[in-house]
Each structure stands twice: as structure tokens, then as C-alpha cells.
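*Asks:* No letters, just coordinates:
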Ligand SMILES: NC(=O)NC(NC(N)=O)C(=O)[O-]
């Protein structure tokens with residue numbers, strides 16, 4: 001029954017949910033302006049954690065809500081806010097999550113996007129409950145001209161935030177780099193979270209002859225497929241800094257095909273029939289020269305071992321791999337099987353690696369199952385193939 005429910009849910013979910021949330025506070029996203037924050041501040045929109053509801057929680061301004069909630073408007077106009085993305089990039093879709101806003105959700109939204117070469121200086125600090133925009137802030141934000149930004153989502157109805165229908169997905173077809181989004185709610189109300197799914201696009205002009213983490217989401221790395229993400233999505237492994245907790249890493253369910261009695265080989269590696277995998281497209285093709293596999297927080301559930309494979313794919317080959325759920329193989333071994341330790345940063349140098357050519361994609365394989373909090377792939381971007389990956393299309397059904 002639980003498996004059927006999961007399958008039905010997966011079928012209803014759009015493909016773009018596999019990409020990175022470019023607006024999340026965890027990657028530096030911030031709200032720089034909001035017309036009204038009476039009941040709850042707009043910064044809640046960008047929280048990494050899922051929204052929660054605490055029935056007994058009230059503030060001086062009303063019911064405490066885990067989202068952005070404005071007062072019931074009694075003046076002309078509508079409420080809106082501007083969000084600076086933590087990672088500028090291409091946007092493929094939005095989730096406007098109205099969780100727990102029932103009777104006070106925003107009935108309609110639209111979303112616009114801008115690319116600002118010189119982002120505005122002002123930011124909203126501190127506790128914003130009960131705040132309305134001042135005339136000075138309104139004048140400053142007017143200079144951005146955000147009301148004229150291109151509309152990525154036209155005025156659309158939102159469902160209220162009951163648990164079975166709180167996600168409002170909007171697919172986007174907009175082939176321009178975005179640094180800021182403007183969320184308009186009509187006329188007022190509450191929204192729990194805004195997830196902005198896309199792929200980072202950094203400015204590479206300042207990078208010459210230096211090692212970069214080619215899979216980091218801030219550089220434009222993206223997860224394009226995986227075998228299992230029961231407790232945590234593999235894209236978490238390419239996030240900023242070290243993981244906050246287990247939820248901030250990739251964690252699979254326990255495999256059911258593990259032998260009843262376990263055996264190890266001469267290197268102490270478990271002999272098991274099955275494994276789990278996650279595939280990433282690098283931000284740029286490059287030669288990987290250093291790797292970190294961090295099992296931070298995974299103490300009783302770290303994988304026994306890992307190995308990493310890599311390959312070079314054209315956009316057409318990538319599309320074919322996605323269609324076949326990565327069953328086709330051009331993979332070559334980059335890092336041979338390594339025994340892993342709990343809650344530990346494993347560093348591998350050039351001497352441990354068995355490939356020295358530029359690659360575009362990598363596959364991390366863990367056996368038999370478990371959790372990895374971060375994957376870092378340090379290398380030099382190669383110039384010759386650079387233009388190619390920038391034109392990759394988003395994944396179809398992963
Ligand atoms: N009970 C409520 O949620 N009321 C109001 N909202 C908050 N947060 O108090 C409202 O109607 O907008």
C-alpha cells in the first residue's frame with residue numbers, strides 16, 4: 001500500500017523537482033523586499049525545512065504561521081516580495097507550497113524574474129513580524145523596475161494547504177539566467193514555501209588555472225538520476241558547506257537483498273549483491289584530480305564502501321541515458337572501491353584516481369546502502385568542451 005502511494009505520488013510530480021532549489025536560505029537565498037509581513041515574515045518562504053503547524057502558537061499579531069502571511073488587505077493593490085537567489089541560474093519550475101494555510105492561503109499568484117548585474121544593497125534584517133514596507137523601501141525597490149520583469153508564471157490559482165494538495169507546481173520555459181524573482185500574491189494571504197528549481201550558472205570568466213568543485217551546486221552541478229532517495233535526496237550532497245544533520249545528505253532505505261549472514265573480502269569490503277547509485281552532471285567538463293566523500297552524521301548507517309565512475313556524454317547521449325534511467329553504460333572507473341568509515345571525511349588524491357581525461361558526468365555508487373552527506377569533485381574545467389554542457393536540456397522523467 002505504502003509503495004503504491006509512493007508510485008502514484010512520483011507519477012504526479014514534475015521532472016523539475018530533481019533540480020536544485022536556487023532560492024533556499026541554505027544556499028544564500030534571501031528576501032530583499034516585502035510589501036507586508038503582518039502575520040509571518042517572507043523569509044520563511046526560503047527555509048530549508050518542511051513547513052510545520054503548531055496549533056497553540058500565537059504572536060502579538062495573530063496565529064503564528066510557518067510561511068509568509070500578510071494582513072487582510074483593506075487598501076488598493078496586492079502584496080508582493082522580491083527574492084535574491086542564492087545561486088543565479090536557469091529556472092525550470094516552481095513549487096508554491098501553501099502547507100497549513102487553509103482559510104488564509106493566497107488565492108492567486110504570479111511570478112516574475114529579473115537578472116540584475118548589480119544587485120541592490122538593501123536587505124531586510126531581523127524579526128519582520130508586523131512590518132509593512134516603508135516609503136523609503138518602496139522608493140528604493142521601485143528603482144529595480146520589477147513590475148516590468150518578464151512573467152514566468154502568469155496569474156494562477158493556488159490550492160489551499162491541506163496535506164494532500166498543498167503543492168502548486170509551475171513548469172517554466174525561460175532560457176535566460178535569473179538572479180531575482182518577484183512573487184506576487186493576489187490580493188493577500190499566506191504561502192508556506194517558494195521552491196525555485198533550476199541549475200546554477202556561475203560566471204566563469206574569473207576562473208583561470210584554479211581547482212574548482214566541478215559538481216558543487218553553486219558552480220552548476222546537478223543530480224540527473226538515482227536509484228533510491230528514501231530518506232534524503234542525492235542533490236543534498238552537492239550543497240554548500242558541511243551538512244547540518246542527516247536530513248542534509250543522501251540517504252537510501254536499507255536494501256532488502258542483503259544476505260542474512262554477511263561476509264567480507266580480503267580488503268574488508270562487504271560481499272553484497274546490490275548497491276545504490278546517484279548520477280551528476282558536472283558544471284563544466286573537467287579533469288577530476290581530488291575527491292572528498294563525507295559521511296558526516298551517518299554513524300550507524302554509513303555505506304560499507306563506495307566507488308565512483310565517470311564518462312563524457314553529449315547532450316543527445318545524456319538525454320538517451322535519462323530515458324533509459326541510466327541503464328546504458330559508458331562508465332569508466334574513476335575511484336576504485338573504497339572502504340568507508342562512519343561520520344568521517346574521506347579524501348582521495350590524484351594517486352587514488354584511475355582516470356585522467358576530462359569528463360562531464362559522474363556516478364557515485366555505494367554498497368550496500370546508507371548515507372553520504374557531501375561529495376566534492378575538485379578539478380580543472382577544460383575550455384574546449386565548455387560550451388557543450390551549457391546547452392544541456394533539463395532531464396525528462398528521471
Ligand atoms: N486564524 C487565522 O489564521 N487568522 C488570520 N491569520 C493569522 N495568522 O492569524 C487570517 O485570517 O488571516
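*Replies:* Here it is on my side, so go on. These numbers come from a predicted model, not from an experiment.
*Asks:* quick one: residue 140 is in a helix?
*Replies:* Yes - under DSSP: H, G, I helix; E, B strand; the rest coil, residue 140 falls within a helix.
*Asks:* doesn't residue 120 make contact with it?
*Replies:* Yes - Residue 140 lies in contact with residue 120 (CB atoms under 8 Å); the separation is 6.7 Å. The C-beta positions use only the backbone N, C-alpha and C, and glycine is treated the same way.
*Asks:* Mutual contacts of the two, please.
*Replies:* Shared contacts of residue 140 and residue 120, defined by CB atoms under 8 Å, 6 or more residues apart in numbering, are absent.
*Asks:* So what does the closest residue to the ligand within the chain look like in phi/psi?
*Replies:* Nearest to the ligand, among the residues of the chain, is residue 62, at 2.7 Å (CB to the nearest ligand atom). Main-chain torsions, residue 62, degrees, to the nearest 10: phi 150, psi -160.
*Asks:* Got the confidence number for it?
*Replies:* For residue 62, the model assigns a pLDDT of 97.
*Asks:* tally of neighbours for it?
*Replies:* Number of residues near residue 62 (other CB atoms under 10 Å) recorded here: 15.
*Asks:* Next up, the contacts around it.
*Replies:* 38, 39.
*Asks:* For it, name its beta-bridge partners.
*Replies:* Taking DSSP bridges as the rule, residue 62 bridges to residue 59.
*Asks:* tell me the domain ranges of the chain?
*Replies:* 6-200, 206-388 (automatic domain parsing).
*Asks:* What average pLDDT does the last one get?
*Replies:* Spelled out, that is domain 206-388. For domain 206-388, the per-residue pLDDT averages 94.
*Asks:* What ranges does the chain have for its helices?
*Replies:* Along the chain, the segments classed as helices by DSSP state H run 2-12, 135-142, 315-323, 386-390.
*Asks:* can you pull the pLDDT of the nearest residue to residue 119 once chain neighbours are set aside?
*Replies:* Nearest residue to residue 119, sequence neighbours excluded (CB to CB, 6 or more residues apart in numbering): residue 84, at 6.0 Å. Turning to residue 84, the model gives it a pLDDT of 96.
*Asks:* Residue 84 is in contact with residue 179, isn't it?
*Replies:* Yes - here residue 84 reaches residue 179: they are 6.8 Å apart, a contact under CB under 8 Å.
*Asks:* Quick check: neighbours shared by those two?
*Replies:* Common contacts of residue 84 and residue 179 (CB under 8 Å, 6+ apart): residue 119.
*Asks:* what does the stretch 51-200 of the chain put close to the ligand?
*Replies:* Residues of the stretch 51-200 of the chain lying close to the ligand (CB under 6 Å from any ligand atom) are 62, 63, 65, 69, 72, 104.
*Asks:* Throw these into a markdown table and include distance to residue 20, thanks.
*Replies:* A markdown table is the format used below for those (distance: CB to CB, whole Å):
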| residue | distance to residue 20 |
| --- | --- |
| 62 | 34 |
| 63 | 32 |
| 65 | 26 |
| 69 | 26 |
| 72 | 35 |
| 104 | 30 |
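*Asks:* out of the residues you listed, which is most surrounded?
*Replies:* Highest neighbour count within these, by other CB under 10 Å: residue 69, with 30 neighbours.
*Asks:* Look up which residues are beta-bridged to it.
*Replies:* Beta-bridge partners for residue 69, by DSSP bridges, are residue 40, residue 190.
*Asks:* Run through the residues that contact it.
*Replies:* Counting by CB under 8 Å, 6+ apart, residue 69 makes contact with 38, 39, 40, 101, 104, 189, 190, 191.
*Asks:* what does residue 149 give?
*Replies:* By CB under 8 Å, 6+ apart, the contact list for residue 149 reads 112, 113, 114, 180, 182.
*Asks:* Find the pair from the residues you listed with maximum spatial separation.
*Replies:* Using CB to CB, the two most remote members of the contacts of residue 149 are 112 and 180, lying 9.0 Å apart.
*Asks:* Could you name every residue contacting both of those two?
*Replies:* 146, 149.
*Asks:* Now residue 269. Nearest residue, chain neighbours left out?
*Replies:* Per CB to CB, 6+ apart, closest to residue 269 is residue 305, 4.9 Å.
*Asks:* That neighbour: neighbouring residues, count only.
*Replies:* When neighbours are counted by other CB under 10 Å, residue 305 comes out with 23.
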